[in-house]
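Visitor: my questions concern the predicted model and sequence given below.
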Amino acid sequence: MQRVIVRDARVFDGTGRDPVAGRDVIVEDGRISAIQAGGAALRGDIVVDANGATLLPGLTDAHVHLGIVGAPSRPQGDGSLVDYALLVGTLIEETLHEGFTTVRDAGGLDPAWARAVAAGSIRGPRILPSGSFLTQTGGHGDARAAHQAVHGPGSIAGLVANPEVVDGADALRRAAREQLRRGATQIKVFVSGGVLSPTDPLESIQFTVEEIAAAVEVARSWGTYVLVHAHTSAAMRNALSAGARSIEHASMLDEETAQRILGAGAFVVPTLLIVSRLPPLGPAEAAKAARVSGASRESVRLAHASRIPLGSGSDLVGVDQARRAGEIVEKAKEIGPMAALVSATRVNAELFGLADRIGTIEPGKDADLILVRGDPLDRIETLAEPNGVPFVLQRGEVVRDDEGRASAG
């Protein structure tokens, strides 16, 4: 049993309480065993000097797309499958290196990647995969241009999870079961138009309540839930009527829908960062992006004021997915740094169903911990800087230590 002592830390515990300085955090066998006032003579196999830094729970991201590295028509990119596999592996490792110790992949990553991380074949965060997106014909995940009849490349089981185009409740039911069979931990469904899809209006409502409910029924039968891509309030209300639990983007939220989300006990995962990180867009796509960007910040403020549980998701795609903590920085501009950090720690953990394991610094939780220079509540931008998170501990194992803070006890 390895014992790790994080000494003299300023602890931001993720609960929403103010940080407390001068604490020693004791880790045994990969879990936090005690938190106490500093100064006592403690011995450990590894001692981490946290002086001058803030200790936080490992960051989490509820909306990543680690498997989408190319254009919508070919998410795996134009290179070889070997190139694809190497790039995805790099993105997974980079995500952990930036301090994200658990992520929910919101579609496009085959669950085999999550199994590879869990087995130790790849170093990365705990991954909760959604597998393939489920989309209707002509929906956000249907990447065909209007003049095309043939769909792009399909999924390659065990490697690539491209969108599944399905119509009707029975087809939704079968597709959801197939994703769960392959290892998905939740089901992702597109229920509104999107920015990058070529043929659907942003306001289009995709899938009927009956169709979405079929996916929800399947997910619940496996003890899990459905997350939905939904920009408009009308689409959100359809998804809520069907029993969806996690509303992604929620870019055009109105007060009536906010109250329905709150009453349903659902979560909202805004994605503010991605609009500034999109590749060059055509006129139609740029117009949709501008509408989403203009409304989404007001929607975040409304959701926060309505006391809806707000998760945190970056939604980055492509070959460059670095600095994903920029999402936390952007959210802090609207709801403050404390709430933004809690969204990326405690609230996401509750959304994932992992609140008993991660999200806060408390005895019994996994020792997924990061050190940040100074006080992130004073300067939240630190999280998104290349060297802003110089120390990462994953289940009691040091995976990043740029400043040499860890030493043998």
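Guide: Cool, the structure landed. Residues are numbered from 1 along each chain as shown.
Visitor: which residues in the stretch 201-350 of the chain form helices?
Guide: Using DSSP state H, counting those that start in this stretch, the helices of the stretch 201-350 of the chain run over 209-221, 233-242, 255-264, 283-305, 326-335, 337-342, 348-352.
Visitor: tell me which of the ones you listed lies nearest to G77.
Guide: helix 283-305 (19.2 Å; CB to CB). (Glycine included, C-beta is placed from N, CA and C.)
Visitor: run the angle between the closest one and helix 233-242 for me.
Guide: Interaxial angle, helix 283-305 versus helix 233-242 (axes from the mean of the first three to the mean of the last three CA atoms, to 10 degrees): 60 degrees.
Visitor: avg pLDDT for helix 283-305?
Guide: Throughout helix 283-305, pLDDT has a mean value of 95.
Visitor: what's it packed up against?
Guide: With contacts defined as 3 or more CB pairs under 8 Å, 6 or more residues apart in numbering; DSSP states H and E, the packing partners of helix 283-305 are strand 246-252, helix 255-264, helix 326-335.
Visitor: other residues contacting it?
Guide: With contact meaning CB atoms under 8 Å, 6 or more residues apart in numbering, helix 283-305 is reached by 193-196, 202, 231, 249-255, 258, 261, 268, 270-272, 275, 278, 281, 310, 331, 333-335, 339.
Visitor: 6 Å - rerun?
Guide: Under the criterion CB atoms under 6 Å, 6 or more residues apart in numbering, residues 195, 202, 250-253, 258, 268, 270, 272, 275, 310, 334-335 lie in contact with helix 283-305.
Visitor: again with stretch 79-89
Guide: The contact list for stretch 79-89 (CB under 6 Å, 6+ apart) reads G67, V69, Q76, G77, I122.
Visitor: rerun at 8 Å
Guide: Contacts for stretch 79-89 (CB under 8 Å, 6+ apart): L66, G67, V69, Q76, G77, L109, W113, I122, I156, L159, V160, V319.
Visitor: export those to TSV and tack on neighbour count, pLDDT and secondary structure?
Guide: Below are the contacts of stretch 79-89 laid out as TSV (neighbours: other CB atoms under 10 Å; pLDDT from 0 to 100; DSSP: H, G, I helix; E, B strand; the rest coil):
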residue	neighbour count	pLDDT	secondary structure
L66	28	98	coil
G67	26	98	coil
V69	24	96	coil
Q76	25	92	coil
G77	17	93	coil
L109	27	98	strand
W113	26	98	helix
I122	18	96	coil
I156	14	94	strand
L159	15	97	coil
V160	21	96	strand
V319	11	96	coil
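Visitor: how many neighbours does P279 have?
Guide: P279: 10 surrounding residues under other CB atoms under 10 Å.
Visitor: quick revisit: any idea which of the helices of the stretch 201-350 of the chain scores lowest on pLDDT?
Guide: helix 283-305 (a mean of 95).
Visitor: helix/strand/coil for the residue sitting nearest the centre point of the chain?
Guide: Among the residues of the chain, the one closest to the centroid is A62, at 2.0 Å (CA atoms, centre = their mean). At A62 the chain is in strand, as set by DSSP: H, G, I helix; E, B strand; the rest coil.
Visitor: list phi and psi for the residue nearest to Q321 when sequence neighbours are not counted.
Guide: Spatial nearest neighbour of Q321, chain neighbours left out: L91 (5.3 Å); criterion: CB to CB, 6 or more residues apart in numbering. Backbone torsions of L91, given as degrees, to the nearest 10, read phi -60, psi -40.
Visitor: with N162 instead?
Guide: phi -80, psi 160.
Visitor: pretty sure A230 sits against V191.
Guide: Yes. Under the criterion of CB atoms under 8 Å, A230 makes contact with V191 at 5.0 Å.
Visitor: my read is I370 is in a helix, agree?
Guide: No. Looking at I370 with three-state DSSP, it is strand, so not inside a helix.
Visitor: ok, now which ones touch it?
Guide: Neighbouring residues of I370 by CB under 8 Å, 6+ apart: L55, L56, P57, G58, L59, G99, T101, V389, F391, V392, L393.
Visitor: hang on, the earlier thing: check contacts around the residue nearest to the centre of the chain.
Guide: Shown in contact with A62 (CB under 8 Å, 6+ apart): V103, R104, A106, S246, V269, G311, S312, G313, N348, L351, F352.
Visitor: again, only using 10 Å
Guide: Contacts for A62 (CB atoms under 10 Å, 6 or more residues apart in numbering) come out as 102-106, 128, 227, 246, 248, 267, 269-271, 311-315, 327, 343-344, 347-349, 351-352.
Visitor: again, but for D29
Guide: M1, Q2, R3, V4, A367, R395, G396 are the contacts of D29 under CB under 10 Å, 6+ apart.
Visitor: what do you get for E330?
Guide: 270-276, 296-297, 300, 312, 314, 340, 380, 384.
Visitor: what's the distance between it and G183?
Guide: The spacing between E330 and G183, counted by CB to CB, to the nearest Å, is 31 Å.
Visitor: hang on, the earlier thing: how about JSON lines for the contacts of stretch 79-89, with distance to A215 added?
Guide: Shown next, in JSON lines, are these (distance: CB to CB, whole Å):
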{"residue": "L66", "distance to A215": "22"}
{"residue": "G67", "distance to A215": "20"}
{"residue": "V69", "distance to A215": "26"}
{"residue": "Q76", "distance to A215": "24"}
{"residue": "G77", "distance to A215": "28"}
{"residue": "L109", "distance to A215": "19"}
{"residue": "W113", "distance to A215": "22"}
{"residue": "I122", "distance to A215": "29"}
{"residue": "I156", "distance to A215": "23"}
{"residue": "L159", "distance to A215": "24"}
{"residue": "V160", "distance to A215": "21"}
{"residue": "V319", "distance to A215": "31"}
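Visitor: between the residues you listed, which is nearest P376?
Guide: Using CB to CB, those come closest to P376 at L66, 24.5 Å.
Visitor: the closest one is in contact with G108, isn't it?
Guide: Yes. The pair L66 / G108 is scored as a contact, 7.5 Å apart, by CB atoms under 10 Å.
Visitor: what is in contact with these two at once?
Guide: Taking CB under 10 Å, 6+ apart as the criterion, L66 and G108 both touch V88, P129, V317.
Visitor: quick one, helices of the stretch 51-200 of the chain?
Guide: Counting by DSSP H, counting those that start in this stretch, the segments of the stretch 51-200 of the chain that form helices are 81-97, 111-118, 169-182.
Visitor: closest to I361 out of those helices?
Guide: I361 lies closest to helix 81-97 among the helices of the stretch 51-200 of the chain, at 18.3 Å (CB to CB).
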